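Enquirer: Here is my input, please return the structure:
(2 chains)
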Amino acid sequence: MEFQIGTEPMAGSEETIFVPADEAREHLVVIGNGMAGCRAVEELLARDAGRYRVTIFGAEPHVNYNRIMLSPVLAGEKTFQDIIINDRAWYDDNRIDLIVADPVVAIDRSARTVTSQSGRTVAYDKLLIATGSDPFIIPVPGKDLPGVISFRDMKDVDAMLDAANRGGDAVVIGGGLLGLEAAHGLTLRGMKVTVLHIMPTLMERQLDEAAGWLLKSALEARGQTILTGADTAEICGDGKVEGVRLKDGTLIPASLVVMAVGIRPCIALARAAGLEIGRGIKVDDHMVTSDPDVLAVGECVEHDGNVYGLVAPLWDMCRSLADGLTDRHTGYKGSVTSTKLKVAGLDVFSAGDFSGGEGCEDIVLRDASRGVYKRVVVKEDRVIGAVLYGDTADGGWYFDLLKRGEDVADIRDLLIFGQAFASGGGALDPKAAVAALSDDAEICGCNGVSKGQVVACINAGACSLDAVRAGCKASASCGSCTGLVENILALTLGEDVQSGPKTMCKCTSFGHDDVRREIVAQGMTSIPEVMQKLHWSTPDGCSSCRPALNYYLLCALPGVYVDDQQSRFVNERMHANIQKDGTYSVVPRMWGGLTNPRELRAIADVVEKFNAPMVKVTGGQRLDIFGIKKEDLPAVWADLNAAGMVSGHAYGKSLRTVKTCVGSEWCRFGTQDSTGLGVKAERMTWGSWMPHKFKIAVSGCPRNCAEATIKDFGIVCVDSGYELHVGGNGGIHVRVTDLLCKVSTEQEALDYCAAFTQLYREEARYLERTAPWIERVGVDYVKARIVEDDAGREALRARFLFSQQFMQDDPWAERAAGQHAELHQHIAQVRPLETV
Amino acid sequence: MMTGDWLDIGSVDQITPGNARTLPVLGGEEIAIFRTTSGDFHALVNRCPHKHGPLSQGIVNGGVVTCPLHNWNISLKTGEALGEDKGCVPVIPLKVDAGRIFLLRDAVIGKRAA
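Expert: You can find the predicted model right below:
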């Protein structure tokens, strides 16, 4: 094939080059792209990455995601993106061929091939079946009506969210773990939910009667209707679900029915292939089926008479499987499981056997006022089961005792009070509790990470929570074990957790204030000079210190210092906001939030001309045009400039917007001309670079429609003048402003605004908003500088206005005129020559 | 233009020090070509291993580019994510000859694989 370089627009036929198969390696084909299949491959790669060539078939159109986190997605606590375990890059990096949305429909063991729905036939050396399980659908009339769904995959969650958007009634059939999580999510999404459970106790496989009753009461208090002993006769409806009728004749209206009565191993494919089947696909301790070249793992298998429907056994199985495939043969010995209900605010834990029986002793603690119920089952001085409701902090400890089969005779009297008491420490120190856990105690259930693995990750250099999450995935999914991980960090590292001297960044031993002081004291004028004189340890800094130094120099030397484009974050270099897909959003300035037909027409024309997929009104009363390519930015700006609009600086550590209400000109409550003052304030402050973004608002009366009391500088007009407020923030940590002072004229309000802005510019650290800055220096200090020191205020104001002379050039106009064209254009393009 | 195994993609002065330019490849992945402040040239697939941010738009410091989306630091030499982050982006072999930048042809076109 011939290639050419061209700078003309790309055209020509798409061609595909297939990577030649690596025939030298054995080919492992995995049926199932779910948690078991991918975990098995992960374990295998960790042991011997080059041993097998891997192909994975998935029935769903997704990469590998964490199925047990579908409940938080339904509840709105997570997005699908959050629960992806391995993204496309993982498959690519490990050279795994992933075939999605194309389930395998047949296995030919004599030819050693599999065939997919689309007709693709692939040969294998080793085959791994990880088909998981199917939801069990009870065989009642109406089970196939539209609106009857299960709760198994992302498609089901989408269907539930869709139904919830339309509102109405939902019935969940099944009061087990899955059913209750579905009911919880649908309730949060606004549906009126009835749970039908055929047994007398909710979650009867995991909970005893007492805990089941507490759970039922708690769910009813949250607005759900729980019917136990409810036997479904039919699902009624004409063309779609309209309700559920019970055998006792009760009719419950519903527009959505979720079947969550249980799961069954998905074994049809294995059965058709003639593999030995029991309740699941029969496997030995190395997860090998009756055919030595076919393995199986996860919920589809039966091992030693047991079938599992929880995630933890899967981690154990995958380890043994990978050991076997790499000739280490450790062998799977079965799993003891524990259960946690993922419903926010309801703590339910159970593990082991609590059905009672000969030789079993129950130790029970109830605290009715706190809604706590604990039951530990002991047999022959060993813990064999535990049920906890309301306080599950000791769940991990009981489970650990149970798995290790430890003799608890000595601590039996204190056992029920939990680890802190029973271990004899006396003090309720959560750190001591974590310290006492054994190395193989499970910390993160979502990702199957033991305490030993977390410690190993920390010892390998992870010294913060984020680093542990990146390193071993502990607490990276549902986060309920975050406290445990933090305690392990503290235990392992002592005082070294995330601490260290507060230097500007790793390139220097100086803090922000030191660097700033030295820039002024030594009269430094460039970034390389600062780095040289202050002994920077890196050749040209990093992405933390360079933007900060650039700002400090810009602030210290207005009109002299030449802005260093390479030290600007992308948004400030491109004068637009980068979005996750690499396109940009563009916000033209609308002074004080006012606009007119000419501006609106120009924006509308830009949206159509450049096919912008979305236009949105921002929180700061501007219009944001999304989806503009970097190549198109100069042309977009030229069009907006032509209608008189300039950059809105929505991308900068700079004055963002001045938000206003309509004020005395129109509003019957308005006391002053808040829009007019807002426009004046914006004309004065626009274009100024700051330590961080800076927002102003002007409200025309104390009703405060412009939300001035959560802005960096807020003006609230009153009959007698203007209240000036500072240091507000509406972000992650909402902070209401401090009242700076009250002034009587509009000019004073503007003067104080300029002085305050300059004080912030000169004294706050880079990337420090006004709110934390004021909390650090104290509002009294700000009052002393701005209100009590008239000469000082005037000097600050003068310095601000002097600096502004050099700042108020529209950066868009320069780019539209061709400056820095290289930032917007490709260097060249590669395209194939036309092939005939 | 083509010169044997190497593709000539332009003169060195088309990229200012500390900056990057992009090279779209029809049917393949876009390539980012970086010029460090010390004058070295590097080429990577223009796609952060984390959330696929355009590395060409990041801040270049030393032999490292910081992704504009979530501040991952990627080595320009090896394509590896630095620090606690794990991931790697393909490096495209590059040479500078007589003031021109050349990329290894197979590495550029290889990106076109299905």
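
Enquirer: what domains does the record give for chain A?
Expert: Following automatic domain parsing, one gets these domains for chain A: A:26-133+A:265-325, A:137-261, A:512-568, A:655-807.

Enquirer: can the longest one be found next to chain B?
Expert: Yes: with CB under 8 Å from any CB of the partner chain as the criterion, chain B is reached by domain A:26-133+A:265-325 at A:Ala89, A:Asp93. Glycine gets a C-beta too; all of them are placed from N, C-alpha and C.

Enquirer: same thing with the last one?
Expert: No: using CB under 8 Å from any CB, we find that domain A:655-807 stays clear of chain B, coming within 12.2 Å at best.

Enquirer: A:Ala576: neighbour count?
Expert: Using other CB atoms under 10 Å in any protein chain shown, A:Ala576 has 26 neighbouring residues.

Enquirer: Surely it is in contact with A:Lys629?
Expert: No: contact criterion CB atoms under 8 Å: A:Ala576 and A:Lys629 do not qualify, at 10.4 Å.

Enquirer: Find the residues that touch each one of the two.
Expert: A:Tyr584 (CB atoms under 8 Å, 6 or more residues apart in numbering or on different chains).

Enquirer: Could you measure from the closest residue to A:Thr337 other than its chain neighbours over to chain B?
Expert: Nearest residue to A:Thr337 in three dimensions, chain neighbours excluded: A:Leu310, at 4.9 Å (CB to CB, 6 or more residues apart in numbering or on different chains). As judged by CB to the nearest CB, to the nearest Å, A:Leu310 and chain B stand 28 Å apart.

Enquirer: Assign A:Leu310 to helix, strand or coil.
Expert: Three-state call for A:Leu310 (DSSP: H, G, I helix; E, B strand; the rest coil): coil.

Enquirer: Could you do the one 10 residues further on as well?
Expert: The assignment at A:Ser320 comes out as helix when based on three-state DSSP.

Enquirer: which non-adjacent residue is nearest it?
Expert: The nearest residue in space to A:Ser320 (CB to CB, 6+ apart) is A:Tyr332, at 3.8 Å.

Enquirer: Count the neighbours of that neighbour for me.
Expert: Neighbour count of A:Tyr332, defined by other CB under 10 Å: 23.

Enquirer: In this structure it contacts A:Asp285, no?
Expert: Yes: between A:Tyr332 and A:Asp285 there is a contact at 5.1 Å, judged by CB under 8 Å.

Enquirer: Spell out which residues are contacts of both of these two.
Expert: Counting by CB under 8 Å, 6+ apart, the contacts common to A:Tyr332 and A:Asp285 are A:His303, A:Ser320.

Enquirer: just to revisit the earlier point, what's near enough to touch the residue nearest to A:Ser320?
Expert: Counting by CB under 8 Å, 6+ apart, A:Tyr332 has contacts A:Asp285, A:His286, A:Met287, A:His303, A:Asp316, A:Met317, A:Arg319, A:Ser320, A:Leu321.

Enquirer: Is the first one within a helix or a strand, and which one?
Expert: Just to be clear, that refers to A:Asp285. A:Asp285 belongs to no helix or strand when assigned by DSSP states H and E.

Enquirer: what sits against it?
Expert: A:His303, A:Ser320, A:Gly331, A:Tyr332, A:Lys333.

Enquirer: same thing with A:Ala170?
Expert: So A:Ala170 contacts A:163-164, A:183, A:186, A:191-194, A:254-258 (CB under 8 Å, 6+ apart).

Enquirer: Show me what the mean pLDDT comes to for the helix or strand hosting it.
Expert: Here A:Ala170, judged by DSSP H and E, is contained in strand A:169-173. The average pLDDT for strand A:169-173 rounds to 95.

Enquirer: Next secondary structure after that strand?
Expert: helix A:177-188.

Enquirer: got the contact list for that following helix?
Expert: Residues contacting helix A:177-188 (CB under 8 Å, 6+ apart): A:71, A:74-76, A:151, A:160, A:164, A:170, A:172-173, A:193, A:195, A:197, A:202-203, A:206, A:215, A:219, A:222-224, A:256, A:258, A:260-261, A:339, A:341-344.

Enquirer: Now list the buried members of these.
Expert: Buried subset of those (neighbour count, 16 or more other CB atoms under 10 Å in any protein chain shown): A:71, A:74-75, A:151, A:160, A:164, A:170, A:172-173, A:193, A:195, A:197, A:202-203, A:206, A:215, A:219, A:224, A:256, A:258, A:260-261, A:339, A:341-343.
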